[in-house]
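Enquirer: the sequence and its predicted three-dimensional model are supplied below.
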Amino acid sequence: MKEKAENECRWEKSTKKKSLKEETVVESINAEKRERDRTERNEKERDRERQRETEREREGGKRGERGERGEKEKEREVGEKEKESVSKERKKR
């Protein structure tokens, strides 16, 4: 009887250990899944932010190009006016 009781006790302890180990394994797996999900969400958010930035840069670039063209045209006009004034002065002399 004593031997049977000891065997049952050992069996209960071993099953408890197994169940604890299984629980920790399940918990670690769940933790890994949560971490993976978190990193995926973060990566997606970073990608979205990068995409927004590139769109802003494109829009800004378009605006900037227009502005640059406008400045270049103004510079050309100023240069042409200076050339005209210089040529008029030469003609007067």
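Expert: Right, received. Where do you want to start?
Enquirer: how much space between K21 and S28?
Expert: To S28, K21 is 11 Å away according to CB to CB, to the nearest Å. Any C-beta I mention is one placed from the backbone N, CA and C, and that applies to glycine too.
Enquirer: give me the pLDDT value at E40.
Expert: With respect to pLDDT, E40 scores 97.
Enquirer: SS state for the residue nearest the centre of the chain?
Expert: Centre of the chain computed as the mean C-alpha position; nearest residue by CA atoms, centre = their mean is R46, 1.9 Å away. Here R46 takes the helix state, with states given by DSSP: H, G, I helix; E, B strand; the rest coil.
Enquirer: measure it to R52 for me?
Expert: Using CB to CB, we find R46 at a distance of 11 Å from R52.
Enquirer: count of residues packed around K81?
Expert: Per other CB atoms under 10 Å, the neighbour tally for K81 reads 10.
Enquirer: host element of it?
Expert: Under the criterion of DSSP states H and E, K81 resides in helix 2-92.
Enquirer: report the distance from that helix to the chain centre.
Expert: Relative to the centre of its chain, helix 2-92 is centred 0 Å away, using CA atoms, centre = their mean, to the nearest Å.
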